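Visitor: Model the following, please.
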Amino acid sequence: MNIRKLRLRRFRSLRSESLDLSNPLFLVGKNGAGKSNIVDAFGFLSECMTLPLATVFENRGGTNAVRYRSGERSRPGNFAMRVDFTFSNGQSAEGWYAFEIRALPDYSFSIVREKCSVSIADSKYWFDRDEKGFQTNVGGLRPSLEPQALALPVIGGTVEFGPVLKGLSGMRVFSIQPAKVQELQEPDAGMQLKSDGSNLASVLQTMGRGDKPKLERLCELLKTVVPDTVKVRTIKHGKRLSLEFLQEWEAGTEKKSVRFEAFSMSDGTLRALGILSAFFQRTLPTLIAIEEPEGTIHPEALGSILDVVKTFARDTQIIITTHSPELLDASWIQPENIRIVTWNRGVTHVQPLGSASVKALQSHLMGAGEQLRSNALRAENDDFFADSSDEQLDLFEELP
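Guide: I've put the predicted structure just below:
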């Protein structure tokens, strides 16, 4: 699945925004601008496909923490999201999926509307669910739905809507926490890396058992980030797991080495290992969003991270949030790869680069990183923020 566009209405600090995605995509903005809220929309949507909706809200502090709040006393408003997508499976396949949720005064919620449309070759399949009932053109499909449950996770086992469920549930957002990587970790299957890296030992253990060349390649890349670190492996402490790092170097005619466990390694080393593992894990996500990879990593080492981003963008969608000039210094980053995220009067806005920034990039006068250093990386409408109505953002098209 390839997400072409994300539309959000009243989600966190985003009142009404439409984001066209390129691959990879860098969301650039100051602290507090709302970059994390944008990528959390993908995490929220992914979790909605695999967890009860009540649990998804609880993980974020409840509906009141998820819905947009204007700063004025008002009744809870509805919030909604929509994704437009294509499938890269050799078929002519595309579609869209959207839902709207009402936040109720007692902190509960209900589904107001949910629609999905999928076109494959000459066939089109759809369902339309509202508070009155469920309609679809797929014969024999009559799900039993609760007001607090989305329909797609229930009917996602069908041939018609299965690819949509698989694609959306496969998206992942990563914010690697070195402190979580340092801890002794409970073992699991290691098929998917957790958002904070708290099962990294299991992921590397599974990788070593099932695909040693991939683990060796990961270690080669880690060495370019952390000199002399030639190997990392999983070790046991009773029933729990930890990581052990092997460092080797030449001392005259001798080769010396030393081993360190994760609690002795720097935050930058652990963060870099977690970011690399997000791409090399056993099951590659359909979309990978990484929060500020530059944190605690030396600027010179970011080049290796960027090389991985450029390489894996051929196989999956990648979104990076950043405010690092060094991360944007790569010559291959083009205007279409960058969106500027700003915050104004309590609202997050996402915009493409302005014409001056685009011209400087295309004519090789100034790279994106250099423009950011000099405060010249500007959005299309940097000095204007229209207070457009939420309802102007169309999320639900009419279906046959």
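
Visitor: Assign a three-state SS to His231, would you?
Guide: Check again: residue 231 is Lys, not His. Of the three states, Lys231 takes strand under DSSP: H, G, I helix; E, B strand; the rest coil.

Visitor: How about the residue nearest to the spatial centre of the chain: which residues does it bridge to?
Guide: Note on the chain: the residue nearest the mean C-alpha position is Ala289, at 2.7 Å, using C-alpha atoms, centre = their mean. Beta-bridge partners of Ala289, counted by DSSP bridges, are Val173, Ile319.

Visitor: pLDDT at it, what is it?
Guide: On pLDDT, Ala289 comes in at 98.

Visitor: With Asp382 instead?
Guide: pLDDT at Asp382 comes out at 56.

Visitor: could you check the distance from Ala376 over to Glu294?
Guide: For Ala376, the distance to Glu294 equals 20 Å [C-beta to C-beta, to the nearest Å]. C-beta: built from backbone N, CA, C; applies to glycine.

Visitor: Give me the more crowded residue out of these two.
Guide: More crowded of Ala376 and Glu294, by other C-beta atoms under 10 Å: Glu294, with 21 against 14.

Visitor: Over to the more buried one. Which of the three states is it?
Guide: coil.

Visitor: if I look at the residue lying closest to it once chain neighbours are set aside, how far off is Pro299?
Guide: Spatially, and ignoring its direct neighbours in sequence, Glu294 is nearest to Ser324 (3.8 Å; C-beta to C-beta, 6 or more residues apart in numbering). For Ser324, the distance to Pro299 (C-beta to C-beta) stands at 8 Å.

Visitor: Likewise for Lys214?
Guide: To Pro299, Lys214 is 27 Å away according to C-beta to C-beta.

Visitor: picking up where we left off before, name the residue in Ser324 and Pro299 with the higher neighbour count.
Guide: With neighbours defined as other C-beta under 10 Å, Ser324 and Pro299 compare such that Ser324 has more, 19 against 13.

Visitor: give me every residue that touches the more buried one.
Guide: Residues near Ser324 by C-beta atoms under 8 Å, 6 or more residues apart in numbering: 292, 294, 299, 302, 369.

Visitor: And the residues you listed, which is closest to Thr55?
Guide: The nearest member of the contacts of Ser324 to Thr55, counting by C-beta to C-beta, is Glu292 at 26.5 Å.

Visitor: what sits against the closest one?
Guide: By C-beta under 8 Å, 6+ apart, the residues touching Glu292 are 175, 321-324.

Visitor: next one: Ser175
Guide: Going by C-beta under 8 Å, 6+ apart, Ser175 touches 195-196, 290-292.

Visitor: remind me which residues of the stretch 1-150 of the chain are low pLDDT?
Guide: Residues of the stretch 1-150 of the chain meeting the criterion pLDDT under 70: 71-76, 89-91.

Visitor: how close does Phe245 sit to Val232?
Guide: Distance, Phe245 to Val232, using C-beta to C-beta: 5 Å.

Visitor: can you check Asn59 too?
Guide: From Asn59 over to Val232 the distance is 30 Å, taken as C-beta to C-beta.

Visitor: Quick one: the strands in the stretch 201-350 of the chain, in order.
Guide: Remark: strands assigned in the stretch 201-350 of the chain by DSSP state E, counting those that start in this stretch are 229-237, 240-251, 254-261, 287-291, 317-322, 338-344, 347-352.

Visitor: Next up, phi/psi of Phe79, please.
Guide: phi -130, psi 150 (degrees, to the nearest 10).

Visitor: Any idea what it is bridged to?
Guide: With DSSP bridges as the rule, Phe79 is bridged to Ile101.

Visitor: That one - how many residues pack around it?
Guide: Neighbours of Phe79 (other C-beta under 10 Å): 24.

Visitor: picking up where we left off before, of Asn59 and Val232, who's got more company?
Guide: Val232 (24 against 14).

Visitor: Start from the middle of the chain and tell me which residue ends up furthest away.
Guide: Distance to centre of the chain, C-alpha atoms, centre = their mean, peaks at Thr253 (47.2 Å).

Visitor: distance of it from Phe85?
Guide: In this view, Thr253 and Phe85 are 59 Å apart by C-beta to C-beta.

Visitor: cool, and Gln177?
Guide: Distance from Gln177 to Phe85, counting by C-beta to C-beta: 30 Å.

Visitor: Between these two, tell me which one has more neighbours.
Guide: Set side by side, Gln177 and Phe85 show more neighbours around Phe85, with 22 against 18, by other C-beta under 10 Å.

Visitor: Most neighbours of all the contacts of Ser175, which one?
Guide: Ile290 (23 neighbours).

Visitor: can you give me the helices in the stretch 251-400 of the chain?
Guide: Using DSSP state H, counting those that start in this stretch, the helices of the stretch 251-400 of the chain run over residues 267-280, 302-312, 355-362, 368-373.
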